[in-house]
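In: Model the following, please.
(2 chains)
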2 protein chains.
Amino acid sequence: MDYPKGFLSFGTNIGIKDKTKDFGVIYSEKPCKAAAVFTKNNFPGAPVIVGKEHIRDGVLQAVVINSKNSNVATGEKGISNSRQICSEIAKSLGIAETSVLPSSTGVIGVPLPMQVILPACAQAKSNLKPGNLEEVAEAIMTTDTRRKISVRKIKSSNGEAVIFGMAKGAGMIEPNMATMLSYILTDAQIEGEVYPILKDCADLSFNCITIDSDTSTSDTVVLLSNGLAGSVNANEFKSALLEICTDLAKEVARDGEGATKLIEVRIKKSKDESQARKIGKSILNSPLIKTAIYGGDPNWGRLVMAVGKVFDEPIPFDSLEIYFGGLPVKGADTETLKKLSEYLKKNSEIFVDVVLNTGNKEMVFWGCDLTEGYVKENAYYTT
Amino acid sequence: MDYPKGFLSFGTNIGIKDKTKDFGVIYSEKPCKAAAVFTKNNFPGAPVIVGKEHIRDGVLQAVVINSKNSNVATGEKGISNSRQICSEIAKSLGIAETSVLPSSTGVIGVPLPMQVILPACAQAKSNLKPGNLEEVAEAIMTTDTRRKISVRKIKSSNGEAVIFGMAKGAGMIEPNMATMLSYILTDAQIEGEVYPILKDCADLSFNCITIDSDTSTSDTVVLLSNGLAGSVNANEFKSALLEICTDLAKEVARDGEGATKLIEVRIKKSKDESQARKIGKSILNSPLIKTAIYGGDPNWGRLVMAVGKVFDEPIPFDSLEIYFGGLPVKGADTETLKKLSEYLKKNSEIFVDVVLNTGNKEMVFWGCDLTEGYVKENAYYTT
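Out: Next comes the predicted model:
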């Protein structure tokens, strides 16, 4: 595994809920140029509120994350808990409190168990190891079935820079600024503003996925760049970053709670991004489409319904085209329905092309099927 | 069962898909003052297109309905099929073609089996019986587990008028003008315009329910009044009509595919109808809330998430109040969580009060839980 230079980290179990890893810290030896995008939910979690303050000056040096408890809807106490965590980490690492970005993910509305978190913060420095980022990728998981990592290398003035991204998220996922949690670390030195680059990449990746149409109160994507590998070409950096964001976003969609299939919807020849986005999301949020794809039911008519229920974007029915894995299905005969059913049953990645013929914009969106597993997993989450 | 005077009807099996009733006709001896609200889906079914034409003059005398096939996304042929059905019914009953409202419900994208439907239309007159509306209520069912009927009597100049309502719908239900299909028949004579009365009642009943956030291409609510019972008080009529629409809408929500619980969400002290509607629907469309209620999981934090994801209606968190069956749950302690879990597990009607404290508008919305049954039912619908 390639790691960016100068980042140390660890992930461990401190007993917040069970025996799985639930606490992680990332530290850069050098202060980082940083940018973040956060949830648009009107009730952001306490760590999001504190994180927004701390990133205001564009500089971060550490991230502290716990899973199994989101510290959301916990009022003033939640905010002061989040501040105290940053303060303990800062003390342990010898940096400013405002250089620490806090994150929490898990159940909403339950106070953080500070009695186990604060001692873990105090010991942070002694647990740090160079690289070691897989441990953090594991510590941030909640209902995820696997850790999600994507890495790219690009040329830099000192030789080579590494961009290392990790993410978590499997339920309550329809990010509108970001995804559940994602940390992207690089030793590349980036000229100029990093926020616009991260925002553009998030808009075409994390903001193009949905698992269950529910927007989390904790969504956070953070980019930290310590510049140790020297300067890089801005365009090369951005395209590598977009690849990483897209990889991670697809991994989140693929690992949707109970999901058996990744669904990729390509909206072609649309009027503009807004039209493509509304129709792409309408398709991927339709429980009737998600269940049909799960069951291998060749019910293409539901696609028509989902395009048509975007009331403010009427599409001429005659020019609408729908393809599954390249197979045109609108007005399908018995033979085509059979092929469609076979395609759905045989594949774990389902490709849907919807051609609107209202313009020239093309966008891609990702989601997953809806199964009994999603229901089971969410009917008994806190208990 | 009380029937409005002058209505004859039948429901029968003509073999469109299986052996269950799939074809019904309602006929009034006297032409009716009529109004209807239809789906806002941009791809309305052929019967909706033809029905809108036929109701333009405000007069109807018959309704012809088939289930098991919606005649949607069937192009020009679908429209001419719908016209031919009206024409055959009109011939059999000796009335004008434009006095017939057609409806179809079922799978999307499959041509109607005209070879079985046209002979049934030709024989319509001989099958009609006075009253007999339960047969029709049964013939319009698709995945419904039971027929849905609501009746009210009000005083009229001739003694008593009857308002008889029926509805069907269990999946693809988030009506935006109406519900899947509902027919309301009365012998009351209504003065003035009937459309505004029906529209108001639909807005507070059918347009306040959601089963799966998917807006059908066939939604239709029709009111037929033949006036045979003489004139009635307009306010009494409207409140009886609203009671019927609310009964039927709740029955549709309760009978949602795979549902085990009816959920009633009362949005209190909201700024206006629009704010109440967005937040009410956000809660009832959240798969995380629907599954938690199914499983008896006291996960009240998901309510906070669903209120907060209505980005354009920010609510001060501190003044937000949430009650389940009267029990305040925001910031619940262990004891309260236990009570909440018991409440959810014990009841088949779940009452949720959400107090926004942004104004004085109160509105009620209905939905249902999300279960493995919904997934199973929709994973294998056409096959």
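In: Now do the buried residues in stretch A:104-114.
Out: A:Ser104, A:Thr105, A:Gly106, A:Val107, A:Ile108, A:Gly109, A:Val110, A:Leu112, A:Pro113 (16 or more other C-beta atoms under 10 Å in any protein chain shown). Quick note: C-beta positions are derived from backbone N, CA and C, even for glycine.
In: could these go into JSON lines alongside distance to chain B, pLDDT and secondary structure?
Out: Below are the buried residues of stretch A:104-114 laid out as JSON lines (distance: C-beta to the nearest C-beta, whole Å; pLDDT from 0 to 100; DSSP: H, G, I helix; E, B strand; the rest coil):
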{"residue": "A:Ser104", "distance to chain B": "13", "pLDDT": "92", "secondary structure": "strand"}
{"residue": "A:Thr105", "distance to chain B": "12", "pLDDT": "89", "secondary structure": "strand"}
{"residue": "A:Gly106", "distance to chain B": "10", "pLDDT": "86", "secondary structure": "strand"}
{"residue": "A:Val107", "distance to chain B": "6", "pLDDT": "84", "secondary structure": "strand"}
{"residue": "A:Ile108", "distance to chain B": "3", "pLDDT": "84", "secondary structure": "coil"}
{"residue": "A:Gly109", "distance to chain B": "4", "pLDDT": "86", "secondary structure": "coil"}
{"residue": "A:Val110", "distance to chain B": "8", "pLDDT": "88", "secondary structure": "coil"}
{"residue": "A:Leu112", "distance to chain B": "14", "pLDDT": "96", "secondary structure": "coil"}
{"residue": "A:Pro113", "distance to chain B": "14", "pLDDT": "97", "secondary structure": "coil"}
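In: Can you lay out those as a markdown table showing distance to A:Gly326?
Out: Putting the buried residues of stretch A:104-114 into a markdown table (distance: C-beta to C-beta, whole Å) gives the following:
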| residue | distance to A:Gly326 |
| --- | --- |
| A:Ser104 | 43 |
| A:Thr105 | 38 |
| A:Gly106 | 41 |
| A:Val107 | 43 |
| A:Ile108 | 42 |
| A:Gly109 | 46 |
| A:Val110 | 48 |
| A:Leu112 | 50 |
| A:Pro113 | 52 |
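In: mind listing the helices for the stretch 201-350 of chain A?
Out: With helices called from DSSP state H, counting those that start in this stretch, the stretch 201-350 of chain A shows them at A:234-254, A:273-285, A:287-295, A:301-308, A:334-346.
In: Show me how far the helix or strand A:Asn66 falls within is from its chain's centre.
Out: Here A:Asn66 sits within strand A:59-69, counting by DSSP states H and E. Distance of strand A:59-69 from the chain centroid (C-alpha atoms, centre = their mean, to the nearest Å) equals 15 Å.
In: which strands and helices sit next to that strand?
Out: strand A:23-38, helix A:75-93, strand A:100-107, helix A:133-139, strand A:181-189, strand A:220-231 (3 or more C-beta pairs under 8 Å, 6 or more residues apart in numbering or on different chains; DSSP states H and E).
In: Let me have the ones you listed in TSV, extended by distance to A:Thr260.
Out: Listed next are the helices and strands packed on strand A:59-69 as TSV, based on distance: least, C-beta to C-beta, whole Å:
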stretch	distance to A:Thr260
strand A:23-38	29
helix A:75-93	36
strand A:100-107	24
helix A:133-139	23
strand A:181-189	24
strand A:220-231	27
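In: among those, which is nearest A:Asp247?
Out: strand A:181-189 (10.8 Å; C-beta to C-beta).
In: Now tabulate the helices of the stretch 201-350 of chain A in TSV and tack on distance to chain B, mean neighbour count and mean pLDDT.
Out: Conversion of those to TSV gives the following (distance: least, C-beta to the nearest C-beta, whole Å; neighbours: other C-beta atoms under 10 Å in any protein chain shown; pLDDT from 0 to 100):
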stretch	distance to chain B	mean neighbour count	mean pLDDT
helix A:234-254	15	21	91
helix A:273-285	7	21	94
helix A:287-295	3	27	94
helix A:301-308	3	26	90
helix A:334-346	7	15	96
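In: can you put those in JSON lines and add distance to B:Asn66?
Out: JSON lines is the format used below for those (distance: least, C-beta to C-beta, whole Å):
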{"stretch": "helix A:234-254", "distance to B:Asn66": "39"}
{"stretch": "helix A:273-285", "distance to B:Asn66": "28"}
{"stretch": "helix A:287-295", "distance to B:Asn66": "21"}
{"stretch": "helix A:301-308", "distance to B:Asn66": "16"}
{"stretch": "helix A:334-346", "distance to B:Asn66": "21"}
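In: To B:Thr145, which of these lies closest?
Out: Here helix A:287-295 is closest among the helices of the stretch 201-350 of chain A (C-beta to C-beta), at 18.0 Å.
In: Identify the residues contacting that closest one?
Out: A:260-261, A:263, A:283-284, A:297-299, A:302-303, A:305-306, A:344, A:350, A:367-371, B:171-172, B:212-214, B:287, B:370, B:374-375, B:378-381, B:383 (C-beta atoms under 8 Å, 6 or more residues apart in numbering or on different chains).
In: Now the nearest residue to A:Ala249 once chain neighbours are set aside: phi and psi?
Out: Spatially, and ignoring its direct neighbours in sequence, A:Ala249 is nearest to A:Ser205 (4.1 Å; C-beta to C-beta, 6 or more residues apart in numbering or on different chains). When read as degrees, to the nearest 10, the backbone of A:Ser205 gives phi -130, psi -80.
In: give the contact list for A:Ser205.
Out: Taking C-beta under 8 Å, 6+ apart as the test, what A:Ser205 contacts is A:Leu242, A:Cys245, A:Thr246, A:Leu248, A:Ala249.
In: hmm, 10 Å instead?
Out: With contact set as C-beta atoms under 10 Å, 6 or more residues apart in numbering or on different chains, A:Ser205 has these partners: A:167, A:175, A:178-179, A:182, A:221, A:241-250, A:252, A:364, A:366.
In: same check, this time on A:Ile140
Out: Applying C-beta under 10 Å, 6+ apart, the residues contacting A:Ile140 are A:11, A:21-24, A:63, A:65-67, A:103-105, A:147-148, A:166-169, A:180-183.
In: Could you do A:Asp18 as well?
Out: A:Lys68.
In: could you measure it against chain B, distance?
Out: Distance, A:Asp18 to chain B, using C-beta to the nearest C-beta, to the nearest Å: 17 Å.
In: is it true that that residue lies in a strand?
Out: No - A:Asp18: not assigned to a strand; according to DSSP: H, G, I helix; E, B strand; the rest coil it is coil.
In: Got the phi and psi for it?
Out: Dihedral angles for A:Asp18 - degrees, to the nearest 10 - are phi -140, psi -150.
In: mind checking pLDDT for it?
Out: Looking at A:Asp18, its pLDDT is 92.
In: Over to A:Pro44?
Out: Reported pLDDT for A:Pro44: 88.
In: my guess is it meets A:Ser218, correct?
Out: Yes - using C-beta atoms under 10 Å, A:Pro44 makes contact with A:Ser218 at a distance of 7.6 Å.
In: More neighbours: which of these two?
Out: A:Ser218 (28 against 22; other C-beta atoms under 10 Å in any protein chain shown).
In: CA atoms only: put stretch A:4-12 into PDB for me.
Out: Output of stretch A:4-12 as PDB, limited to C-alpha atoms (Å, rounded to 0.1, in the frame of the first residue of the first chain):
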ATOM      1  CA  PRO A   4       1.500   9.900   1.500                       C
ATOM      2  CA  LYS A   5       4.600  11.100   3.400                       C
ATOM      3  CA  GLY A   6       4.300  12.600   6.800                       C
ATOM      4  CA  PHE A   7       1.000  11.100   7.900                       C
ATOM      5  CA  LEU A   8       0.800   8.900  11.100                       C
ATOM      6  CA  SER A   9      -2.300   7.200  12.300                       C
ATOM      7  CA  PHE A  10      -4.000   4.500  14.200                       C
ATOM      8  CA  GLY A  11      -7.400   2.900  14.600                       C
ATOM      9  CA  THR A  12      -8.400   0.900  17.700                       C
END
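In: What average pLDDT does that stretch get?
Out: Mean predicted confidence for stretch A:4-12 is 96.
In: now swap in stretch A:71-91 and tell me
Out: Here the average pLDDT along stretch A:71-91 is 95.
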